[in-house]
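Enquirer: Have a look at this fold, sequence not included:
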């Protein structure tokens with residue numbers, strides 16, 4: 001399957017939108033393997049979402065979520081990524097809170113690992129997940145970018 005990569009210049013740096021027959025990733029690192037640079041209708045939908053988001057709007061991502069290739073995740077990761085979609089713009093939640101919502105309050109570390117594997121930056125808002133006591137924790141794109149995204153949403157954390 002032909003992978004098309006579209007570059008998007010954002011306030012947190014270049015994002016790479018990777019598309020085959022679905023949206024495979026939105027990340028800060030250029031994918032490895034065979035691909036061609038270009039655009040597609042799916043990439044255009046991601047760009048519209050990102051444009052709206054970075055202009056300060058709260059774009060609806062539930063329709064876009066249906067276009068994501070979440071099948072690349074494990075069953076547990078998919079459950080976590082779906083829970084991330086319920087975190088509203090300008091709000092945060094903790095790994096423990098997500099674990100509780102999944103019915104397993106002792107799985108916060110597993111939730112953290114699943115959040116860290118989220119390949120859809122900004123669209124699946126993993127940047128809105130923080131540690132206990134509102135402490136900043138890891139982010140696959142780096143903590144400075146997480147801070148920038150949270151500040152963009154009007155949040156200041158420890």
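Expert: Nice, I can see it. Keep in mind that this is a model prediction, so the values were computed, not measured.
Enquirer: Can you tell me how far residue 22 is from residue 72?
Expert: 9 Å (Cβ to Cβ, to the nearest Å). In short, each C-beta sits where N, CA and C put it, glycine included.
Enquirer: Could you chop this protein up by domain?
Expert: Following automatic domain parsing, the chain resolves into domains at 4-65, 73-152.
Enquirer: Just the mean pLDDT for the last one, thanks.
Expert: Across domain 73-152, the average pLDDT comes to 93.
Enquirer: Show me which helix runs longest in this structure.
Expert: helix 41-54 (DSSP state H).
Enquirer: Which of the residues in it are classified as buried?
Expert: Residues of helix 41-54 classed as buried: 42, 43, 45, 46, 49, 50, 53, 54 (neighbour count, 16 or more other Cβ atoms under 10 Å).
Enquirer: May I see the residues you listed arranged in JSON lines, with pLDDT as well?
Expert: Shown next, in JSON lines, are the buried residues of helix 41-54 (pLDDT from 0 to 100):
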{"residue": "42", "pLDDT": "95"}
{"residue": "43", "pLDDT": "96"}
{"residue": "45", "pLDDT": "95"}
{"residue": "46", "pLDDT": "96"}
{"residue": "49", "pLDDT": "95"}
{"residue": "50", "pLDDT": "96"}
{"residue": "53", "pLDDT": "94"}
{"residue": "54", "pLDDT": "95"}
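Enquirer: what two of these are the furthest from one another?
Expert: 42 and 54 (18.9 Å; Cβ to Cβ).
Enquirer: how about the helices of this protein, start to end?
Expert: So, for the chain - with DSSP H - the helices run 41-54, 62-65, 75-84, 95-101, 108-116, 143-152.
Enquirer: could you redo the ones you listed as TSV and give each row distance to residue 134?
Expert: Formatted as TSV, the helices of the chain follow (distance: least, Cβ to Cβ, whole Å):
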stretch	distance to residue 134
helix 41-54	22
helix 62-65	26
helix 75-84	17
helix 95-101	12
helix 108-116	15
helix 143-152	10
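Enquirer: re the thing from before, return the closest of the buried residues of helix 41-54 with respect to residue 28.
Expert: residue 50 (12.6 Å).
Enquirer: From residue 93, how far out is residue 125?
Expert: Taking Cβ to Cβ, one finds residue 125 at 10 Å from residue 93.
Enquirer: Give the residues shared as contacts by the two.
Expert: The overlap between the contact sets of residue 125 and residue 93 (Cβ atoms under 8 Å, 6 or more residues apart in numbering) consists of residue 87.
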